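[1] have a look at this prediction, sequence included:
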Amino acid sequence: MSKAIFVNVCGGPEVLSYQDHQVGAPGPGAVLVRNTAIGVNYIDTYYRSGLYPAALPLIPGDQAAGVVEAVGAGVNEFKPGDRVAYASKPLGAYTEERLIDAELLVPLPEEISNEVAGATLTRGLTAEYLTHRLYDLKAGETVLVHAAAGGAGRILCQWASKIGATVIGTVGSEGKIAIARENGCSQVLLHQQDFVQQVRDLTAGQGVDIAYDSIGKSTFMKSLDCIRPRGMMVSFGNASGKPDPLDVLELAKRGCLFLTRPTLYGYTRDRSELLLSARRYFTAITSGLLNVETGVPFSLEDAAGAHRHLEDRTRTGSPILIP
């Protein structure tokens with residue numbers, strides 16, 4: 001019998017319930033994984049709160065590192081004892097053990113720790129597709145990154161900076177300015193202030209080539225005002241809530257902007273894409289291109305504490321659950 005965190009009713013962190021969980025043996029194409037480090041991401045809070053509807057009860061989480069315990073028929077790529085990681089639907093990562101389709105797993109290189117993979121894989125794969133495949137970011141371009149001191153923001157800012165882009169970041173407090181600068185931002189603004197005019201001033205009135213907005217409702221329209229004509233708006237998160245409905249003519253008024261609302265799943269649907277993204281991310285770490293965190297540890301039983309840590313804008317460091 002395994003232990004897992006269940007959401008039986010939507011609400012705040014207090015609804016996360018530590019319960020027994022019967023796992024079973026892997027069927028054809030499936031793998032039994034013993035989780036060693038489980039990531040906690042903002043999307044987990046969306047399912048917990050009901051912002052993203054899902055059938056209840058559910059086990060949240062879509063990211064973890066672990067060890068293969070058993071494989072089902074037809075699984076040839078993995079064997080018991082292999083270190084693996086995953087960052088993909090279906091949900092179900094907040095558990096000691098789980099069954100998962102072998103096609104969703106990536107091999108974990110020896111140089112990458114369980115804690116690094118568990119804390120950062122979703123964020124790293126997200127930064128990879130945002131800078132390399134959704135938009136082929138180039139040296140000399142200028143980008144705006146909201147929540148630049150957050151888990152995803154730090155990796156995104158580092159990668160964009162190493163590509164050669166100029167990175168303007170926003171943060172939620174003065175105490176996070178230094179963190180954003182350490183991770184590649186040449187300028188750091190407070191997103192509660194009039195960052196639109198500041199961005200315009202920093203870009204000689206032109207605006208940025210691309211805006212990466214993971215905050216959502218409170219910054220969405222302002223982000224549009226920061227972009228140059230025919231520039232790109234990437235809305236990839238809802239930390240402050242889902243953006244209000246948009247009249248598409250607003251894009252024309254601001255200079256024929258491009259708008260996309262991507263998801264990680266949309267850019268790793270094919271296994272070849274998933275493996276490419278993981279290899280690129282892991283290589284960026286082992287080569288020294290990226291400097292990533294190991295996570296702030298919480299016990300699996302204290303998943304509620306991890307969610308409170310994540311949603312508290314005054315805290316830094318990505319929480320991970322250790323079964």
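    Happy to help now that I have it. Numbers count the residues shown, from 1 in each chain.
[2] what about the strands in the stretch 1-150 of the chain?
    Under the criterion DSSP state E, counting those that start in this stretch, the stretch 1-150 of the chain contains strands at 2-7, 16-21, 30-39, 63-71, 83-87, 97-101, 106-107, 142-145.
[3] can you put the ones you listed in JSON lines and add distance to Leu189?
    In this view, the C-beta of every residue, glycine as well, is placed from N, C-alpha and C. Formatted as JSON lines, these follow (distance: least, Cβ to Cβ, whole Å):
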{"stretch": "strand 2-7", "distance to Leu189": "36"}
{"stretch": "strand 16-21", "distance to Leu189": "34"}
{"stretch": "strand 30-39", "distance to Leu189": "28"}
{"stretch": "strand 63-71", "distance to Leu189": "30"}
{"stretch": "strand 83-87", "distance to Leu189": "30"}
{"stretch": "strand 97-101", "distance to Leu189": "41"}
{"stretch": "strand 106-107", "distance to Leu189": "36"}
{"stretch": "strand 142-145", "distance to Leu189": "9"}
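[4] redo those as JSON lines? Include mean pLDDT and mean neighbour count.
    Output for the strands of the stretch 1-150 of the chain, formatted as JSON lines (pLDDT from 0 to 100; neighbours: other Cβ atoms under 10 Å):
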{"stretch": "strand 2-7", "mean pLDDT": "97", "mean neighbour count": "21"}
{"stretch": "strand 16-21", "mean pLDDT": "96", "mean neighbour count": "15"}
{"stretch": "strand 30-39", "mean pLDDT": "97", "mean neighbour count": "25"}
{"stretch": "strand 63-71", "mean pLDDT": "97", "mean neighbour count": "23"}
{"stretch": "strand 83-87", "mean pLDDT": "96", "mean neighbour count": "25"}
{"stretch": "strand 97-101", "mean pLDDT": "97", "mean neighbour count": "20"}
{"stretch": "strand 106-107", "mean pLDDT": "97", "mean neighbour count": "20"}
{"stretch": "strand 142-145", "mean pLDDT": "98", "mean neighbour count": "28"}
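[5] any idea which of those gets closest to Ser223?
    Comparing those by their distance to Ser223 (Cβ to Cβ), the top pick is strand 142-145, with 6.8 Å.
[6] nearest to Ala127 among the strands of the stretch 1-150 of the chain would be which one?
    Proximity to Ala127, assessed across those by Cβ to Cβ, is greatest for strand 142-145 (10.0 Å).
[7] what is the burial count for Cys226?
    When neighbours are defined as other Cβ atoms under 10 Å, Cys226 has 27 of them.
[8] quick one: residues contacting the closest residue to it other than its chain neighbours.
    With Cβ to Cβ, 6 or more residues apart in numbering as the measure, Val199 is the residue that lies nearest to Cys226, at 4.3 Å, once sequence neighbours are left out. When contacts are counted by Cβ atoms under 8 Å, 6 or more residues apart in numbering, Val199 touches Leu144, Ile168, Leu189, Gly207, Val208, Cys226.
[9] let's see 7 Å
    Leu144, Ile168, Gly207, Val208, Cys226 (Cβ atoms under 7 Å, 6 or more residues apart in numbering).
[10] just list whatever residues bridge to the closest residue to Glu174 other than its chain neighbours.
    If you skip the residues right next to it in sequence, Glu174 has Leu190 as its closest partner in space, 7.3 Å away by Cβ to Cβ, 6+ apart. Per DSSP bridges, residues listed as beta-bridge partners of Leu190: Val171.
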